[in-house]
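Novice: structure, please.
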Amino acid sequence: SGTIPSELNKMTALLELSASSNQLTGTLPDLAGLTYLTTLEIQNNFLEGDLSRLVLNLLEHAPNIAIVSLAINRFAGVIPTEIGDLTNLNQFYVQENQIQSTIPTELGRLRALTALGIALNFITGTIPFEMGLLTNMKILHFRNTDLSGSIPQEIFQLTHLEVLDSNNNARLVGYIPTEIGLLTNLQSLGFRLNALTGTIPSELGLLTKLTNLDLAMNAFHGTISKELARLSNLNPSQLLVANDGIVGPVDSSLCETFQTIEFCQLVECSCCRTSLRCGV
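Specialist: The predicted structure is shown next:
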């Protein structure tokens, strides 16, 4: 517990600062002198401050920073456009703070970025198509925000993605393109409580590494493709596709793969062992 002392900047050879889960309070001191700093991990504390000021401070004094994890704190402000100048940035986690911002298009310049977490903040506006330039991206968390507009199709071309979490973004629209079948490294995919339309593409069945899939509470229509039976690694063995427009019949191969299938209405499924209803 306590605060981070201002004398921190006297540690001029410091490469990594890791002070996570220590009940720290106050603000982060000026980073002048920490020229070699590459890792700043201070998540899960009670720290506060202005995010823009911190990014500018890093840009001036620690331009080679690669990992910034501020998650679960009390940082406020916006994600500044200058973040695009931190070209060595590899991981940027700011979820569960008090940030009120849009997603700057300049994020698309961070070609080394592999992980971005902005969930559980007051993020507004649209997802810029420049996010599709982040070809090394593996983890993308933007659930529980106030984002609106369409999900850029470029997102579905990030073939290194392992986690794509967009749950609880009720103003996000669009559809899941067939190109999602290219994301064969995906392990977790969440679009629960979005406003997506169209059909659930059969190409999802190509994502055999998936252990978590949630497409419930959107505006999808049509039937559930039997190709989804290939997703045998889902844990728990549940197929969460509850949408008002989803109809039967359900192919027996799906029942052989999944212990539970979630529906929003009575769907013809003579083989179902268990079927959840919406919200249950």
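Novice: quick one: low-confidence residue ranges for the chain.
Specialist: Applying pLDDT under 70 to the chain flags the ranges 266, 273-280.
Novice: residue boundaries of the helices in it?
Specialist: 51-61, 252-257 (DSSP state H).
Novice: can you lay out those helices as TSV showing mean neighbour count?
Specialist: Glycine gets a C-beta too; all of them are placed from N, C-alpha and C. Formatted as TSV, the helices of the chain follow (neighbours: other CB atoms under 10 Å):
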stretch	mean neighbour count
helix 51-61	18
helix 252-257	16
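Novice: now distance to Gln238 too, for the ones you listed, in CSV please.
Specialist: Listed next are the helices of the chain as CSV, based on distance: least, CB to CB, whole Å:
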stretch, distance to Gln238
helix 51-61, 37
helix 252-257, 11
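Novice: of those, which is nearest Thr223?
Specialist: Among the helices of the chain, the nearest to Thr223 by CB to CB is helix 252-257 (10.3 Å).
Novice: Thr39: what's its closest spatial neighbour, skipping adjacent residues?
Specialist: Glu16 (4.0 Å; CB to CB, 6 or more residues apart in numbering).
Novice: again with Gly205
Specialist: If the residues on either side of it in the chain are set aside, Gly205 comes closest to Glu227, at 3.1 Å by CB to CB, 6+ apart.
Novice: and the gap between the one you found and Leu254?
Specialist: Distance from Glu227 to Leu254, counting by CB to CB, to the nearest Å: 10 Å.
Novice: ok, Leu133 next?
Specialist: Taken as CB to CB, the span from Leu133 to Leu254 is 37 Å.
Novice: re the thing from before, quick check: the residue nearest to Gly205 touching Leu207?
Specialist: No - between Glu227 and Leu207 there is no contact under CB atoms under 8 Å: 10.3 Å.
Novice: and the two? Which one has more around it.
Specialist: Leu207 (21 against 18; other CB atoms under 10 Å).
Novice: list the contacts for that one?
Specialist: Leu207 is in contact with 180-181, 183-184, 186, 189, 231, counting by CB atoms under 8 Å, 6 or more residues apart in numbering.
Novice: select only the buried ones of the residues you listed in ChimeraX?
Specialist: The ChimeraX selection below is limited to those of these classed as buried (16 or more other CB atoms under 10 Å):
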select :180,181,183,186,189,231
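Novice: count of neighbours near Glu7?
Specialist: As a burial measure, Glu7 scores 8 neighbours (other CB under 10 Å).
Novice: distance of it relative to Asn121?
Specialist: When Glu7 is compared with Asn121 (using CB to CB), they lie 31 Å apart.
Novice: and the helices of the chain: which comes nearest Thr81?
Specialist: In terms of CB to CB, the element of the helices of the chain nearest to Thr81 is helix 51-61, at 9.4 Å.
Novice: which strands and helices lie in contact with that closest one?
Specialist: Judged by 3 or more CB pairs under 8 Å, 6 or more residues apart in numbering; DSSP states H and E, helix 51-61 is in contact with strand 74-77.
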